[in-house]
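Engineer: Dropping the sequence and predicted coords here.
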Amino acid sequence: MLEGLNRVGIYEWEVPIGYVPGMRVAGRFFLSESLAKTLEPGAVQQLANVATLPGILKNSLAMPDIHWGYGFPIGGVAAFSVDEWVISPGGVGFDINCGVRLLSTPLLHKDVSGRRDLIDELFRTVPTGVGAKSCLKVSSQSLDGMMVKGARWAVSAGYGVERDLMRCEEGGVMNAADTRFISAKAKQRGIPQGGTLGSGNHFLEIQVVREIFDPDAAKAFGLTLGQVCCMIHCGSRGLGHQVCTDHLKILESATKKYHITIPDRQLACAPITSPEGRAYFGAMAASANYAWANRQMITHTTRQVLSKMFRVEYEEMPLIYDVAHNVAKIEEHILNGKSRKVCVHRKGATRAFGPGSRDLPPDLTSIGQPVIIPGSMGTSSYVLHGTQLAMDRTFGSTCHGAGRIMSRTQAKKNLNGREITANLLKEGIIVRAHSENAIADEAPGVYKPSDEVVNVVHEVGISRLVARLSPLGVIKG
Amino acid sequence: MSFEEIPHTADVKIHASAPTLEALFSETFKALMQVMYGTERGDGTIRKIRIESTDNESLLADFLSEALFLSEVEGLVFSDARIRINGYCLIAELRGESFDPARHSGGSEVKGISYSGLEIMHDANGYMLDIIFDV
């Protein structure tokens, strides 16, 4: 482990106050000894930098998929007192409400095994990659609907069913959305991209449930052994990217205006109650809504493909759940025995609300929130459930994915996209992407093993394992 | 005058150096386009932009963000930029061509230009910087 850090539990480490100047609270992160070997000093520095922000509550936190990002580390969680202090785009990132959802089907492994035509058809139908435009026409009125009503707009436009909304974090819409703070540029980028996947680590994957760890939770979520599911990972596209760019600039001036000292310009921030803070929050919420609508539109396209190819009814493909993993939200948490409104930033971290939480659909209240953790291409993804311990320790948060360990430069140099595709095919996994580079960039070896990451959150108890899924086919941007 | 990609775990980090500030901006712009669209980028189409900012780092981030915006909404892939800088004001002539999926699909979409660690340094040999693009 890096020098200057204190071990405080089997899987828990402290970044003491003083690790960087100006820390107001200590940093805490969760990691196994084997994962600790890949921890970068830059990631710990970023975790410590977050601890310098005014109004930070308890600890600057990071999940076991912690890695070096910009502003917050990826895997970072921090909560701020709503009455007193800050909101920062550095705690959300450019891809606002990048998130993941899991769609179930009545199909079994044998129905789709080796069906290259399914992966080809999804690759042809769901727009992916750099420069891809939507085939679902979005008007400027529809764009407003996406930003104000999120997944609810998409369902009312015919891209889903009412029940889908019950299975989205926040019901698929943040009511704080305020489109007055969305620039014309952001809108211009948002219109052609509604219903597109994007590139980088975004993907659509056909998976099969390989293992059930918690039969009661799996049953409540709608998961059975051998069942085929579809995982969709994407965000708010150019609209969200532009909102972050626009508001970062505004908040940089605001940081000076409110005399806030920050160790990294990407941590530009303002009081949540200030005009600049409110404007960012309203625009960020609108972008989050766009992302929920976007994932809902891709869900619709996917259901149509599956309906056509396998004669499955639309209603036979219910949504298991949809989680955001780049977002800031106002939530109620218990602090020193009292319920307080706080602004929780999750940058590459997933909400993991425990049993009894208010935001859960009634049939899941006794189990806890479904948590969806995508693996890297070719490795297992996991479904977990949220816990009371997460509410107590991490503002109801857990990890969001496997977490990178190899840089993209190294990946391109050491890995060959064609070989990776051939090797995955030997394992029964069909991969389609626009370029070999995109495959090398996201190859299984560039990420921490997803099973080790989820094992840490399971052992710590900030979420508990429900099921493991493995990929059968992947489409990448 | 050059740029190179240096290791960064999650995103793309570029180191660029050039004898003048204008050339440094131009190199970083070319790096951005190469990350997004690969090396086969032609010209023939010209776009002019003007950016004003508060310091050199913001001027660069604003310039690159504007290039990202133009590239995305107009479907243009740029190959080169002729840049003039006066104080914290920049005028650029961007040269490029229309996006062609057959030649330009090999890259990574850049989501934003990060300020993390962005500092333009100057010594007797010229200017240099490290910059992170979120991909």
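Structural biologist: Arrived safely, thanks for sending.
Engineer: centre of the chain versus the longest helix anywhere in chain A, how much separation?
Structural biologist: Counting residues, the longest helix in chain A under DSSP state H turns out to be helix A:275-310. Centroid separation between helix A:275-310 and its chain, computed with CA atoms, centre = their mean, to the nearest Å, is 13 Å.
Engineer: And for stretch A:152-167?
Structural biologist: 20 Å.
Engineer: List the backbone torsions phi and psi for the residue positioned nearest the centre of chain B.
Structural biologist: Taking CA atoms, centre = their mean, the centroid of chain B lies closest to B:Phe29, which sits 1.8 Å from it. Here is the backbone geometry of B:Phe29 (degrees, to the nearest 10): phi -60, psi -40.
Engineer: what's the closest non-adjacent residue to it?
Structural biologist: Once flanking residues are discounted, B:Phe29 sits nearest to B:Ala81: 4.7 Å by CB to CB, 6 or more residues apart in numbering or on different chains. (Each C-beta comes from the backbone N, C-alpha and C, glycine too.)
Engineer: Quick check: neighbours of the one helix or strand that neighbour maps to in the sheet, parallel or antiparallel?
Structural biologist: Following DSSP states H and E, one finds B:Ala81 within strand B:76-86. Sheet pairing of strand B:76-86 (DSSP bridges) gives strand B:89-98 (antiparallel).
Engineer: before we move on, back to that, check what pLDDT the residue nearest to the centre of chain B gets.
Structural biologist: Turning to B:Phe29, the model gives it a pLDDT of 97.
Engineer: swap in B:Met1?
Structural biologist: pLDDT, B:Met1: 67.
Engineer: Could I get the full set of helices for the stretch 351-477 of chain A?
Structural biologist: In the stretch 351-477 of chain A, the helices defined using DSSP state H, counting those that start in this stretch lie at A:388-393, A:408-414, A:417-426, A:436-441, A:450-460.
Engineer: Out of these, which gets nearest to A:Pro73?
Structural biologist: A:Pro73 lies closest, by CB to CB, to one member of the helices of the stretch 351-477 of chain A: helix A:450-460, at 14.4 Å.
Engineer: before we move on, what SS does the residue lying closest to A:Cys230 once chain neighbours are set aside have?
Structural biologist: Nearest residue to A:Cys230 in three dimensions, chain neighbours excluded: A:Leu103, at 4.4 Å (CB to CB, 6+ apart). Recorded secondary structure, A:Leu103: strand (DSSP: H, G, I helix; E, B strand; the rest coil).
Engineer: helix/strand/coil for A:Ala328?
Structural biologist: A:Ala328 is classified as strand under three-state DSSP.
Engineer: Quick check: beta-bridge partners of it?
Structural biologist: Here A:Ala328, judged by DSSP bridges, has bridge partners A:His345.
Engineer: what about it, how many neighbours?
Structural biologist: A count of neighbours around A:Ala328, defined by other CB atoms under 10 Å in any protein chain shown, yields 27.
Engineer: now do A:Gly131
Structural biologist: 21.
Engineer: In the lowest-mean-pLDDT helix or strand in chain A, which residues are buried?
Structural biologist: The weakest-scoring helix or strand in chain A, judged by mean pLDDT, DSSP states H and E, is helix A:408-414 (a mean of 81). For helix A:408-414, burial by neighbour count (16 or more other CB atoms under 10 Å in any protein chain shown) applies to A:Arg408, A:Thr409, A:Ala411.
Engineer: and chain B, which of those contact it?
Structural biologist: Applying CB under 8 Å from any CB of the partner chain, the subset of the buried residues of helix A:408-414 adjacent to chain B comprises A:Arg408, A:Thr409.
Engineer: Redo the buried residues of helix A:408-414 as TSV? Include distance to A:Arg210.
Structural biologist: Shown next, in TSV, are those (distance: CB to CB, whole Å):
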residue	distance to A:Arg210
A:Arg408	29
A:Thr409	33
A:Ala411	26
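Engineer: just checking, A:Thr228 touches A:Val208?
Structural biologist: To be clear, residue A:228 is Val; Thr isn't right here. Yes. Counting by CB atoms under 8 Å, A:Val208 is a contact partner of A:Val228 at 5.6 Å.
Engineer: The residue nearest to A:Cys230: neighbouring residues, count only.
Structural biologist: Neighbour tally, A:Leu103, other CB under 10 Å: 25.
Engineer: show me the contacts for it.
Structural biologist: Going by CB atoms under 8 Å, 6 or more residues apart in numbering or on different chains, A:Leu103 touches A:Cys229, A:Cys230, A:Met231, A:Ile232, A:Thr299, A:Thr302, A:Arg303, A:Met317, A:Pro318, A:Leu319, A:Ile320.
Engineer: Right, I'll call it a day here.
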